[in-house]
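> need a 3D model of the following:
(chains A and B)
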Amino acid sequence: MGIAADLLDGKIGAGARAITWLDDGDPRGAEVIKRIFPHTGRAHVIGITGPPGAGKSTLTDIIVAELRAREQRVGVVAIDPSSPFTGGAILGDRVRMARHTLDPGVFIRSIGTRGSAGGLSRSTHDACLVLDAMGFDAVIVETVGVGQDEIDVVNLAHTTIIVGVPGLGDEVQAVKAGILEAGEIFVVNKADREGYPATQRQFELMLHLREQSRPDETWRPPLLRAVANAGEGAVEIVDAIAAHRAHLDESGGFAQRSGLREREQVLALLRERLAREAIAHAGDSILAEVEARKLDPYSAIEKLTGQG
Amino acid sequence: MAAQPARRMRVLLAKLGMDTHTVGVTVIGHALREAGLEVIFTGLKQTPEMVVAAAIQEDVDVVGISTLSAGHTRSLPKLARLLREAGAEDKLLLAGGVVPEEDKPVLLEAGVDKIFTMGADTREIVRYLEEWWSEKQAAETV
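The predicted model follows:
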C-alpha cells in the first residue's frame, strides 16, 4: 500500500493525503493506521489550549521556531471550529505560522472540528499518529478556543499548555473548572498588556490550590509569561516542555499516557461503530418513534441494543 | 450519532506578492464556508513556492489566488508550473480579482483553470466549484 509506505518515508504529500482520508472517515484511512501504528509512539504530543483570542496560534508559531532551533522536526495540527449549520469552516491558524511554510522540518495541517465537541476533531488523534509515523519529533495540537471543559486535548497530549491572557475578566474563573486540573504548563500570554499582574496572581492562586489538593503530584506546573507576537517567552516554554518530557521519561509517564490515549481511542471508535451498527440494524423507525414522542429515549436504547 | 464518512471540499485561499487588499478574499472565504467548504487562509505576501507547500500539506482540492495588483502574469504561471512539478496538477487553480482581458489567455494557457474578475457573484463561484466537484467525484468513483 503506497500511501502508508510513502508517509513512513516521510513524504509530505502521502502524510497529507492520509490525514484527509482519516478526516473524511474514508476506510482507506483506517488501513493506513493499521500499517503505521507499529511505527508510532515516539513523538512528543504537545497540546496548546486556552480561550479564544489568547494567542494560541502565535504562541504555536514561536514554540515551533524554538523547537526548530533545537533541531526538532515539528508537526502541527491546528483546529478551528466548523459551522454547525453548513459544516464549512474557515481555518486561519496557519496565517500566524507562515514563516515555517517552506521549512521541510515543519508540517502544518489545519482541521475543522466537523461537529466534535471538546476542542478537537474526531480525526485529531489519527492525524497525530500520522505525523508521529512520518518521524516528527514533536507534534503540537492547537485546539479551538475553549471555555470551561472542552479539554479533550489533555487525553491526547503528553504535555498540555494552558494559555491565558489579561483582560478577559472572569476568564480565569471560567477556565479553572476543567483546565486548571489538567495542564502541565501555564502561560500568560500578552503579558505586556494592562491587567497582567492581576491575571498572573489569579493563576498563581489556582496553582497553589492545585498543589494543596494534590500533595502527591510530582510535577509542579510552571507559570510562565509570554508576549508571543514579540517572540518573548519561547525559550522558557520550550525549556518547560523539555523538563516535563524528562519528568515523564523518568516516571514512566510517557508510555503510560500514550497507552491511555490509545485505550481512549478504542473506546471512542467503539462508541461510534456500535451506534452506527445499532441504527443500521434496527432502522430509523425507532428514532422516528422517539421523534413522534411515542417512545421514550431509554426504551429506544433498549430496543436498539436488543434488550427491549 | 456517529459521523458519516463525507468527503469535504477543501480550498486554499492565498494572496501573492505585495498585494495587501484582503476584502475580496475574505468575502469569498465566508461565501465558501457558507456553502459548506473548508477554507484555509495562508495570509498575505505569499510566494508561489509557499502556496504550493501549503496546498500539499493541507491536501486541498482547490487553490484560489486573489490578485488585485499587477504581477499576476508572472506569479500565476509560476505557481501553475510549480504545482505541476510537485505532482499536484489535479488541484483546481483559480484566480480572482483584477485581471485585464488581455492577460486572461496568457494565464489560461499557463495552467490557470478559471478566472473570476471583479464583480463576479460569489454564488457563481460556489456554483462553479460545486459542478467541478461533482464531476470530479463521479470520475473518481467510476
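
> CA only for contacts and neighbour counts going forward, please
Will do.

> A:M97 and A:L59 touch, don't they?
No - the criterion here is CA atoms under 8 Å, and A:M97 misses it with A:L59 at 9.4 Å.

> what about residue 125, how many neighbours?
The chain I'm using is chain A. 20 (other CA atoms under 10 Å in any protein chain shown).

> my question was about chain B
19.

> confirm that it sits in a strand.
No - according to DSSP: H, G, I helix; E, B strand; the rest coil, B:I125 belongs to no strand; its state is helix.

> ok, it - contacts?
B:F116 (CA atoms under 8 Å, 6 or more residues apart in numbering or on different chains).

> hmm, back to that, neighbour count: A:M97 and A:L59, which is higher?
Each of A:M97 and A:L59 has its neighbours counted (other CA under 10 Å); A:L59 has more, 28 against 21.

> please state the offset of stretch A:150-163 from the chain centre?
6 Å (CA atoms, centre = their mean, to the nearest Å).

> what do you get for stretch B:23-40?
Put simply, stretch B:23-40 sits 11 Å off its chain's centre (CA atoms, centre = their mean).

> doesn't A:L295 make contact with A:E289?
Yes - with contacts counted by CA under 8 Å, A:E289 reaches A:L295, the gap being 5.5 Å.

> give me the element the residue most central in space within chain B is part of.
Centrality entry for chain B: nearest residue to the mean C-alpha point is B:G64, 1.7 Å, by CA atoms, centre = their mean. Using DSSP states H and E, B:G64 falls within strand B:62-67.

> what's the answer for B:A31, then?
Secondary structure assignment for B:A31, by DSSP H and E: helix B:23-34.

> which other helices and strands does that helix contact?
The helices and strands touching helix B:23-34, judged by 3 or more CA pairs under 8 Å, 6 or more residues apart in numbering or on different chains; DSSP states H and E, are strand A:89-91, strand B:10-15, strand B:38-41, helix B:122-141.

> what do you get if the cut-off is 7 Å, keeping everything else the same?
helix B:122-141 (3 or more CA pairs under 7 Å, 6 or more residues apart in numbering or on different chains; DSSP states H and E).

> can you show me the CA trace of the helix it packs on as PDB?
The C-alpha trace of helix B:122-141 is given here as PDB (Å, rounded to 0.1, in the frame of the first residue of the first chain):
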ATOM      1  CA  THR B 122     -19.900  34.700  -5.000                       C
ATOM      2  CA  ARG B 123     -22.800  32.400  -5.900                       C
ATOM      3  CA  GLU B 124     -21.400  32.000  -9.400                       C
ATOM      4  CA  ILE B 125     -18.100  30.900  -7.800                       C
ATOM      5  CA  VAL B 126     -19.800  28.400  -5.500                       C
ATOM      6  CA  ARG B 127     -21.800  27.000  -8.400                       C
ATOM      7  CA  TYR B 128     -18.700  26.600 -10.500                       C
ATOM      8  CA  LEU B 129     -16.900  24.800  -7.600                       C
ATOM      9  CA  GLU B 130     -19.900  22.500  -6.900                       C
ATOM     10  CA  GLU B 131     -20.200  21.500 -10.500                       C
ATOM     11  CA  TRP B 132     -16.400  20.800 -10.800                       C
ATOM     12  CA  TRP B 133     -16.600  18.900  -7.500                       C
ATOM     13  CA  SER B 134     -19.500  16.600  -8.500                       C
ATOM     14  CA  GLU B 135     -17.800  15.800 -11.800                       C
ATOM     15  CA  LYS B 136     -14.600  15.000 -10.000                       C
ATOM     16  CA  GLN B 137     -16.400  12.800  -7.500                       C
ATOM     17  CA  ALA B 138     -18.200  11.000 -10.300                       C
ATOM     18  CA  ALA B 139     -14.900  10.400 -12.200                       C
ATOM     19  CA  GLU B 140     -13.200   9.000  -9.000                       C
ATOM     20  CA  THR B 141     -16.000   6.500  -8.300                       C
END
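
> list the buried ones in it?
The neighbour-count check on helix B:122-141 (16 or more other CA atoms under 10 Å in any protein chain shown) flags B:T122, B:I125, B:V126, B:L129, B:W133 as buried.

> pLDDT (mean, whole number) over that helix?
On average, the pLDDT along helix B:122-141 is 91.

> give me the residue from chain B nearest chain A.
Nearest residue of chain B to chain A: B:G36, at 3.7 Å (CA to the nearest CA).

> and that residue, which of the three is it?
Following three-state DSSP, the label given to B:G36 is coil.

> could you measure from it over to A:S82?
Distance of B:G36 to A:S82, given as CA to CA, to the nearest Å: 9 Å.

> shared neighbours, the two?
A:G88 (CA atoms under 7 Å, 6 or more residues apart in numbering or on different chains).

> for burial, what's the neighbour tally of A:E262?
So A:E262, with other CA under 10 Å, has 15 neighbours.

> and the helix or strand hosting it, how far out from the chain middle?
A:E262 is part of helix A:253-282, with elements assigned from DSSP H and E. Distance of helix A:253-282 from the chain centroid (CA atoms, centre = their mean) equals 17 Å.

> right, and the helix or strand after that helix?
helix A:285-291.

> for A:N189, what are its contacts?
A:A54, A:G55, A:V163, A:G164, A:V165, A:R225, A:A226, A:V227, A:A228.

> could I get the phi/psi values of the nearest residue to A:R122 once chain neighbours are set aside?
Nearest residue to A:R122 in three dimensions, chain neighbours excluded: A:S116, at 6.3 Å (CA to CA, 6 or more residues apart in numbering or on different chains). Backbone torsions of A:S116, given as degrees, to the nearest 10, read phi -80, psi 140.

> now do A:G75
According to degrees, to the nearest 10, A:G75 has phi -100, psi 140.

> give me the neighbour count for it.
A:G75: 27 neighbours (other CA under 10 Å).

> name the residues that touch the strand holding B:G64?
Residues outside strand B:62-67 that contact it (CA under 7 Å, 6+ apart): B:10-15, B:25, B:91-98.

> show me how to select, in PyMOL, the buried members of those residues.
Only the buried entries of the contacts of strand B:62-67 go into this PyMOL selection, using 16+ other CA under 10 Å:
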select buried, chain B and resi 10+11+12+13+14+15+25+91+92+93+94+95+96+97+98
